[in-house]
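1. Quick one, fold the following:
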Amino acid sequence: MANEFVPFAFDPSANVVSQPNWVAHPDRARGFQAGIADSASFNKAWRQATTMASALGTFIDERVSGNVVDDGNVGALTAQLAAAINATAGSPGATGATGQTGPGGPAATIQVGATVTGTPGSQAMVVNHGTTTHAMLHFTIPQGLQGPAGGGGGATGGIEEAPNDGRLYGRMSQTWSAVADVVLDGGSW
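-> Down below sits the predicted model:
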């Protein structure tokens, strides 16, 4: 295997600007301008870029098979870098033991707030106006659609009321009976 990305100006006596001078260099932020070239500054920029490229190429070369080729194919280099990172990370280990159960949380509460009627055909809705542990639920229930007209009630056209004489009444068949007068299965009601 081989790494074709090699550093430039890596000799200790290379013609490069010192690191403090490079950090303070005015062309470092805005780029080199037209005019006379300062070879030591150019060499510093090229050395930094090629050193990092060489380091990445070496990282790839040591972890995956195949050459790290300087042919301009960014997709191939990206795939090789991803494979090298995956090879370095390794596969996940076994699942660890289950930890201890934590302390119980506060008891949750639920309260019902307002219930309002929505427009016919709207969606039913429940909104929590509280918190996740102290819920205050507000309901919107859509009004039903208008139903068909009814056919009317009994002889009086509606529901007949029980007598209002202070006694408890129950309805058997078509007539009201005072509860004290009703006998079911041999017992009083």
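2. Where does the prediction get shaky in this protein?
-> 1, 151-160, 169-189 (pLDDT under 70).
3. Show me where it has its helices.
-> In the chain, the segments counted as helices under DSSP state H are 19-24, 26-30, 39-61, 74-89.
4. centroid residue for the protein?
-> The residue lying closest to the centre of the chain (CA atoms, centre = their mean) is T132, at 17.0 Å.
5. List the contacts of it.
-> A108 (CB atoms under 8 Å, 6 or more residues apart in numbering). (C-beta placed from N, C-alpha, C; glycine too.)
6. Just give the number of residues close to V74.
-> 8 (other CB atoms under 10 Å).
7. How about the one 4 residues further on?
-> The number of residues packed around T78, counting by other CB under 10 Å, is 10.
8. Tell me how many other residues surround the residue nearest to E62 when sequence neighbours are not counted.
-> In this structure, E62 finds its nearest non-sequential neighbour in A84, 7.8 Å apart by CB to CB, 6 or more residues apart in numbering. Residues lying near A84 (other CB under 10 Å) number 20.
9. Isn't F139 up against T117?
-> No. Counting by CB atoms under 8 Å, T117 is not a contact partner of F139; they are 9.8 Å apart.
10. the more surrounded of the two?
-> Legend: neighbour count by other CB under 10 Å for F139 and T117, higher for F139 (15 against 12).
11. Leaving out sequence neighbours, find the closest residue to the more buried one.
-> Spatial nearest neighbour of F139, excluding adjacent residues (CB to CB, 6+ apart): T115 at 4.4 Å.
12. do H134 as well
-> Per CB to CB, 6+ apart, closest to H134 is T109, 5.0 Å.
13. and the gap between the one you found and A76?
-> 60 Å (CB to CB, to the nearest Å).
14. now swap in S54 and tell me
-> Counting by CB to CB, the separation of S54 from A76 is 17 Å.
15. ok, now A149?
-> For A149, the distance to A76 - CB to CB - is 79 Å.
16. neighbour count winner among these two?
-> Set A149 next to A76 and count neighbours by other CB under 10 Å: A76 wins out with 13 against 6.
17. how about that one, what does it touch?
-> By CB under 8 Å, 6+ apart, the residues touching A76 are V69.
18. my guess is the residue nearest to H134 meets T133, correct?
-> Yes. Shown here, T109 and T133 form a contact pair, counting by CB under 8 Å, at 7.3 Å.
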